[in-house]
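Undergrad: No letters, just coordinates:
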């Protein structure tokens with residue numbers, strides 16, 4: 001739902017683009033030299049939730065977004081969204097500006113944006129970055145067999161051409177309001193390393209090439225060093241980074257899925273930074289309390305992660321089959337004790353929502369008009385279940401029309417979210433629905449096919465883009481290598497139509513109405529069950545200067561501006 005908060009009528013596109021063009025605080029306008037002072041060599045230890053199966057900014061394999069935070073260490077893109085969801089130039093010198101030579105809209109709705117690269121850019125292996133690498137990146141992502149052709153913004157791109165070695169021209173099939181904030185949705189790829197493999201057309205081999213992991217060559221502030229599978233990844237500062245050499249020479253990413261272990265490492269000083277999705281609220285509160293006395297560090301609780309339950313709606317995998325009936329799904333929505341989860345899981349810092357939209361957004365009143373707020377109400381849930389034709393047995397649980405028990409699995413991603421899952425499972429059982437809480441292990445978090453085909457209910461999270469994941473094109477399938485985020489398989493042509501309209505108009509007021517229509521359709525059919533925006537915990541030691549935490553739910557869940565970090569006194 002990127003940049004939605006900025007789409008209020010009172011803010012013009014011109015003003016927004018002007019603000020976005022301003023350089024971020026603390027950044028340089030070009031590269032620094034190797035003589036730039038850096039801190040004495042010392043390894044910064046960062047805790048990440050798990051090992052990503054690809055280091056690409058735009059991966060060709062699907063996996064949990066909770067593994068995304070370290071990706072900016074290894075990647076640089078045309079522009080970069082910051083923690084406030086504001087775009088800044090990165091590899092390009094300036095952002096394209098609407099109604100200028102850098103962003104032209106033709107009478108037929110097609111567009112052309114021009115991106116001039118900074119001078120003297122190189123890949124981690126020293127090869128020069130040219131506009132041809134962006135052309136090659138587009139060719140790869142647009143290849144139907146690789147599964148990314150239907151994703152934003154690749155689907156909207158008609159062509160990418162290299163006007164000269166430093167000029168990238170993107171020709172668009174239609175108006176695309178996010179052309180100035182592509183961020184990690186589009187990246188160049190090193191033609192000199194991947195062209196031969198790509199030309200062979202063995203797509204399985206291409207996707208599984210070691211380039212994407214242990215041999216990754218990117219453009220970010222750090223380059224891959226030692227990688228111990230499942231344990232840690234070491235990275236070294238890249239002197240040729242577009243925004244200057246990082247001030248800290250070496251980084252070690254430790255993959256820690258257990259929050260207690262992560263907490264112990266932070267308290268002992270063994271690690272100096274813990275990324276999103278590792279610590280839960282209570283862990284963060286404990287760390288904050290321990291650090292408070294001597295100002296040993298900073299803990300940020302930001303309610304930015306949308307928590308919701310997806311329902312398996314593919315008929316062949318739905319379990320029980322009752323979930324295929326909207327009447328049963330409406331009962332389910334009333335049976336989830338979301339207020340209890342917010343209190344127990346976030347210390348009441350979370351924000352309850354009945355929609356995809358951020359409840360504090362200026363345009364939210366328009367959304368409220370379009371939806372039904374299905375609040376926690378076990379009696380209403382029971383009433384709807386009985387109207388559906390179910391009868392409650394002596395054990396307190398509803399049974400199907402044939403008298404067989406009606407059981408449903410309630411899946412979660414593990415770690416700190418197991419506590420949330422227990423609250424939800426208990427509330428379903430109190431309403432008479434025999435819910436079985438289940439947890440996905442780390443291996444299944446990396447297996448998108450397994451995640452997409454599990455039966456029952458699955459509670460997970462979404463970050464910046466919360467509208468696209470429920471389009472028909474986002475349904476995981478073999479042809480897109482299971483990379484889609486619409487794991488429940490919900491589909492509605494009207495939703496798709498309004499999503500297309502939302503992506504093809506530049507008028508803020510019209511985009512808000514498109515959002516309201518999408519929210520109405522999804523809400524009426526109970527395609528998902530929204531819960532709340534939970535607080536995401538990020539923490540860093542006082543030994544570090546420079547880290548920031550995202551403040552907007554529409555900002556990416558990644559580590560920001562690590563090249564500016566430095567050791568404190």
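TA: Arrived safely. Computed from a predicted model, the values in this text were never measured in an experiment.
Undergrad: which helices and strands does the helix or strand containing residue 421 pack with?
TA: Assessed by DSSP states H and E, residue 421 sits inside helix 417-430. Where contact means 3 or more Cβ pairs under 8 Å, 6 or more residues apart in numbering; DSSP states H and E, helix 417-430 is packed against helix 326-335, helix 338-346, strand 407-412, strand 434-439, strand 457-462. Using the backbone N, CA and C atoms, a C-beta is placed for each residue, glycine as well.
Undergrad: what's the last one packed up against?
TA: Under the contact criterion of 3+ Cβ pairs under 8 Å, 6+ apart, the helices and strands touching strand 457-462 comprise strand 297-311, strand 407-412, helix 417-430.
Undergrad: try the first one
TA: Using 3+ Cβ pairs under 8 Å, 6+ apart as the contact criterion, the elements in contact with helix 326-335 are helix 378-387, helix 417-430, strand 528-541.
Undergrad: Name the residues of the second one that are buried.
TA: By 16 or more other Cβ atoms under 10 Å, the buried positions in helix 417-430 come out as 417, 420, 421, 422, 423, 424, 425, 427, 428, 429.
Undergrad: follow-up on the earlier one: of all the helices and strands packed on helix 417-430, which lies closest to residue 80?
TA: Nearest to residue 80, of all the helices and strands packed on helix 417-430, is strand 457-462, at 20.7 Å by Cβ to Cβ.
Undergrad: Return the set of buried residues in the next helix or strand after the closest one.
TA: The first helix or strand that comes after strand 457-462 along the chain, using DSSP H and E, is helix 493-502. Within helix 493-502, the residues scored as buried using 16+ other Cβ under 10 Å are 495, 496, 498, 499, 502.
Undergrad: Need the nearest residue in space to the last one, chain neighbours excluded.
TA: Using Cβ to Cβ, 6 or more residues apart in numbering and skipping residues adjacent in sequence, the residue nearest residue 502 is residue 514, 3.8 Å away.
Undergrad: And for the third one?
TA: Once its chain neighbours are removed from consideration, residue 498 has its nearest residue in residue 517; the separation is 4.4 Å (Cβ to Cβ, 6+ apart).
Undergrad: Could you do the fourth one as well?
TA: Distances taken as Cβ to Cβ, 6+ apart put residue 471 closest to residue 499, at 5.2 Å, once the chain neighbours are dropped.
Undergrad: Next, count neighbours for that neighbour.
TA: Residues lying near residue 471 (other Cβ atoms under 10 Å) number 23.
Undergrad: ditto for residue 116
TA: Residue 116: 18 surrounding residues under other Cβ under 10 Å.
Undergrad: On the C-terminal side of the host helix or strand of it, identify the next helix or strand.
TA: Here residue 116 is covered by strand 111-116, with elements defined by DSSP H and E. As assigned by DSSP H and E, the chain's next helix or strand after strand 111-116 is helix 131-142.
Undergrad: That next one: how far from the chain's middle?
TA: Relative to the chain's own centre, helix 131-142 is displaced by 23 Å; criterion: Cα atoms, centre = their mean, to the nearest Å.
Undergrad: and it with strand 111-116, angle?
TA: Orientation check (axes from the mean of the first three to the mean of the last three Cα atoms, to 10 degrees): helix 131-142 against strand 111-116 gives 140 degrees.
Undergrad: Give the other helices and strands that whichever helix or strand comes after helix 131-142 contacts.
TA: Counting by DSSP H and E, the element after helix 131-142 in chain order, helix or strand, is strand 157-164. If you count contacts as 3+ Cβ pairs under 8 Å, 6+ apart, strand 157-164 packs onto helix 131-142, strand 167-172.
Undergrad: Sketch out the low-pLDDT regions of the stretch 1-150 of the chain for me.
TA: 1-41 (pLDDT under 70).
Undergrad: And the buried residues of helix 493-502, which is closest to residue 479?
TA: The closest of those, once distances to residue 479 are taken by Cβ to Cβ, is residue 496, at 17.3 Å.
Undergrad: Quick check: the gap between that closest one and residue 465.
TA: As judged by Cβ to Cβ, to the nearest Å, residue 496 and residue 465 stand 15 Å apart.
Undergrad: surely residue 169 meets residue 114?
TA: Yes: at 5.4 Å, residue 169 counts as touching residue 114 under the criterion of Cβ atoms under 8 Å.
Undergrad: Mutual contacts of the two, please.
TA: Residues touching both residue 169 and residue 114 by Cβ atoms under 8 Å, 6 or more residues apart in numbering: residue 163.
Undergrad: Just send the helices and strands packed on helix 417-430 back as JSON lines, with mean neighbour count too.
TA: JSON lines is the format used below for the helices and strands packed on helix 417-430 (neighbours: other Cβ atoms under 10 Å):
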{"stretch": "helix 326-335", "mean neighbour count": "22"}
{"stretch": "helix 338-346", "mean neighbour count": "21"}
{"stretch": "strand 407-412", "mean neighbour count": "20"}
{"stretch": "strand 434-439", "mean neighbour count": "18"}
{"stretch": "strand 457-462", "mean neighbour count": "23"}
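Undergrad: Among the ones you listed, which comes closest to residue 273?
TA: With Cβ to Cβ as the yardstick, what comes closest out of those is strand 457-462 (20.7 Å).
Undergrad: Run the angle between that closest one and helix 338-346 for me.
TA: Inter-element angle recorded for strand 457-462 and helix 338-346: 60 degrees (by the same axes, to 10 degrees).
Undergrad: Can you list the strands that strand 457-462 pairs with?
TA: According to DSSP bridges, strand 457-462 has the following sheet partners: strand 297-311 (antiparallel), strand 407-412 (parallel).
Undergrad: pLDDT on that strand, on average?
TA: Across strand 457-462, pLDDT averages out at 92.
Undergrad: got it, and stretch 254-267?
TA: The pLDDT scores in stretch 254-267 average 96.
Undergrad: With residue 491 as the reference, name the closest of the helices and strands packed on helix 417-430.
TA: Nearest to residue 491 among the helices and strands packed on helix 417-430 is helix 326-335 (13.8 Å), distances taken as Cβ to Cβ.
Undergrad: Between helix 417-430 and the closest one, find me the angle.
TA: Orientation check (the same axes, to 10 degrees): helix 326-335 against helix 417-430 gives 120 degrees.
Undergrad: Let's test this: mean pLDDT of helix 326-335, rounded?
TA: Mean pLDDT, computed over helix 326-335, is 98.
Undergrad: what does stretch 353-365 give?
TA: The pLDDT scores in stretch 353-365 average 92.
Undergrad: can you list contacts of that stretch?
TA: Counting contacts by Cβ under 8 Å, 6+ apart, the residues outside stretch 353-365 that touch it are 1, 4-5, 7-8, 306, 351-352, 367-368, 371-375, 466-467, 470, 512, 515, 518-519, 522-523, 530-533, 553-554.
Undergrad: Now, of these, which are buried?
TA: For these, a burial check counting by 16+ other Cβ under 10 Å picks out 1, 4-5, 7, 306, 351-352, 367, 371, 374, 466-467, 470, 512, 515, 518-519, 522-523, 530-533, 553-554.
Undergrad: What helix or strand is residue 76 located in?
TA: Here residue 76 is assigned to no helix or strand, by DSSP H and E.
Undergrad: which one is it nearest to, not counting chain neighbours?
TA: Using Cβ to Cβ, 6+ apart, the closest residue to residue 76 is residue 219 (3.9 Å).
Undergrad: mind checking pLDDT for the one you found?
TA: The per-residue pLDDT reported for residue 219 equals 98.
Undergrad: Count the neighbours of residue 298 for me.
TA: Count around residue 298 with other Cβ under 10 Å applied: 17.
Undergrad: pretty sure residue 338 is touching residue 534, no?
TA: No: Residue 338 lies out of contact with residue 534 (Cβ under 8 Å); the separation is 10.6 Å.
Undergrad: measure the residue sitting furthest away from the middle of the chain to residue 378 for me?
TA: Note on the chain: the largest C-alpha distance from the chain mean falls to residue 394, namely 44.2 Å (Cα atoms, centre = their mean). Residue 394 sits 19 Å away from residue 378, going by Cβ to Cβ.
Undergrad: and if you look at residue 45?
TA: Between residue 45 and residue 378 the distance is 46 Å, computed by Cβ to Cβ.
Undergrad: Now do residue 106: how many residues are near it, please.
TA: As a measure of burial, residue 106 has 11 neighbours, counting by other Cβ under 10 Å.
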